[in-house]
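1. using only what follows, build the 3D model:
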Amino acid sequence: MVLEFYYDLLSQPCRAVYFLLKCSGVQFKGQKVELLKGEHLTPEFLKKNPYHKVPVIFDDGFGLSESIAIMRYIAVKYKLADHWFPRADLRTQARVEEFLNWQASAIRTPCITVFQGMLRDKVGVGAFTKQPMDVAKVKAAKEEITRAVTHIADYFLQDKQFVGGNKVSAADILVVCELYQLHPVNQLDSLVKCNPKVKAWMERVEKALGPEWKAVNATIDSFREKYMTAK
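-> Just a heads-up that it's a prediction; the model follows:
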């Protein structure tokens, strides 16, 4: 049976899994779940994931949620090239796993805080109802992002092209998707791409993902248009 993939490209982890599937050539049947319409809260979807989250996959009846677990499963089950999720070299594998575990709090959480805080201050979209920004909270999140970007450059990248070496990995994809969440609220350049090493790394990841980059990011890019034109 073809892998079933439930997703919404508004979600950073969903975009990361989607990129991995498309760029590695794994065949799948996509099932879009529109978060802004509350489709993840319907009784039908809750039977698939009672935690009402995407992404979710089903592989011949086996269901799995959580993006990192999904990407690891895909890499092993479909015997993807080692660079996607390194397994041959223990230390490379450990570094990629470290990056994936670290990003959840160091990158994902503050990027979501900045994205939601700034977007909802200017624009009300679906579940993102308009409300005043908590300036202190957003400021603290921006400072966290600045520290994290420096850590990516000085610790995880150093002189490497990607976190796992010379080829893009699932970890590079996931973290770039999380950082790109700052683009809609016009903070990507000032908080992330101001670091030359991280900017170059993001550009390499984008290039590695090829034409899928623009297509997959079209949903989140549309939020930037709304934000930049809002009064």
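2. may I have the lowest-mean-pLDDT helix or strand in the chain exported as CSV, CA atoms only?
-> Confidence across the helices and strands of the chain bottoms out at helix 43-46, with a mean of 90, counting by mean pLDDT, DSSP states H and E. Output in CSV follows, covering the C-alpha atoms of helix 43-46 (Å, rounded to 0.1, in the frame of the first residue of the first chain):
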residue,chain,number,x,y,z
PRO,A,43,-14.0,13.2,15.1
GLU,A,44,-12.8,11.6,11.9
PHE,A,45,-9.3,13.0,12.3
LEU,A,46,-9.1,12.4,16.0
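3. buried set for that helix?
-> Buried residues in helix 43-46, defined by neighbour count with 16 or more other Cβ atoms under 10 Å: residue 45. Yep, even glycine has a C-beta here, placed from its N, CA and C like the rest.
4. now do the SS call for residue 84.
-> coil (DSSP: H, G, I helix; E, B strand; the rest coil).
5. doesn't residue 170 make contact with it?
-> Yes. Residue 84 is within contact range of residue 170, at 5.5 Å (criterion: Cβ atoms under 8 Å).
6. intersection of neighbour lists for these two?
-> Shared contacts of residue 84 and residue 170, defined by Cβ atoms under 8 Å, 6 or more residues apart in numbering, comprise 20, 71, 75.
7. hang on, the last one packs against residue 170?
-> The reference is to residue 75. Yes. Between residue 75 and residue 170 there is a contact under Cβ under 8 Å: 6.8 Å.
8. so the two - more neighbours on which side?
-> Using other Cβ atoms under 10 Å, the more surrounded residue of residue 75 and residue 170 is residue 170, with 29 against 22.
9. common neighbours of residue 75 and residue 170, please.
-> When contacts are counted by Cβ under 8 Å, 6+ apart, residue 75 and residue 170 are jointly contacted by 20, 84, 85.
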